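Asker: Could you work out the structure for the sequence below:
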Amino acid sequence: MAAPHAPAALYRHGLGLLLDKDIDGWVGLWAEGGVMEFPFAPPGLPRRLDGREAIADYMRPYPDRIDLHDFPEADLRIHGTTDPRTVVAEMRGVGRWVADGRPFDMTYIAVVTVEDGRFTSYRDYWNPLAALAPGADSAGSTR
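Answerer: Residues are numbered from 1 along each chain as shown. This next block holds a predicted model:
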């Protein structure tokens with residue numbers, strides 16, 4: 001199935017790919033020069049990833065760290081903005097940390113811009129305290 005072009009639909013499609021642990025498919029939704037930013041990243045963690053390849057390198061090990069089970073629909077809100085290319089998403093991801101089986105439960109806000117059916121900008125406002133937990137690695141998960 002081809003990815004949708006509208007920002008909200010593309011975002012929802014991307015969440016499904018993450019739940020399916022299809023990181024290559026998710027990275028495939030990105031424009032070559034896309035930028036992913038983490039404005040609240042604590043020192044030592046990336047604040048910005050430039051280009052699809054950098055995003056792929058960052059995301060590739062994600063399923064080995066966090067086993068996502070759901071983005072509950074009750075907690076998912078996607079808001080349009082005055083720029084039709086940009087949406088603001090509020091969501092909650094739940095699952096478990098792979099290393100020790102502890103529950104994973106994080107709330108996110110993302111500001112996402114889509115051009116020509118591809119993510120071009122994704123500012124991920126996640127909770128940096130999770131990355132500072134004992135045993136957390138550079139992606140905010142435990143090994």
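
Asker: the longest helix in this structure is where?
Answerer: helix 7-19 (DSSP state H).

Asker: Contacts for the next helix or strand after that one, please.
Answerer: Remark: after helix 7-19, the chain's next helix or strand is helix 23-27, criterion DSSP states H and E. Helix 23-27 is contacted from outside by 14, 17-18, 52, 55-56, 59-60, 62-63, using Cβ atoms under 8 Å, 6 or more residues apart in numbering. Any C-beta I mention is one placed from the backbone N, CA and C, and that applies to glycine too.

Asker: Can you select the buried ones among the residues you listed for me in PyMOL?
Answerer: In PyMOL, this line selects whichever of the contacts of helix 23-27 come out buried by 16 or more other Cβ atoms under 10 Å:
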select buried, resi 14+17+18+52+55+56+59+62+63
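
Asker: So which one of the contacts of helix 23-27 is the model least confident about?
Answerer: Within these, Y62 has the lowest pLDDT, namely 92.

Asker: How many residues are close by the closest residue to that residue other than its chain neighbours?
Answerer: Nearest residue to Y62, sequence neighbours excluded (Cβ to Cβ, 6 or more residues apart in numbering): I23, at 6.1 Å. As a burial measure, I23 scores 18 neighbours (other Cβ atoms under 10 Å).

Asker: Kindly provide the distance from the residue positioned nearest the centre of the chain to G101.
Answerer: Geometric centre of the chain, nearest residue: D124, 6.7 Å, by Cα atoms, centre = their mean. Distance of D124 to G101, computed by Cβ to Cβ, to the nearest Å: 25 Å.
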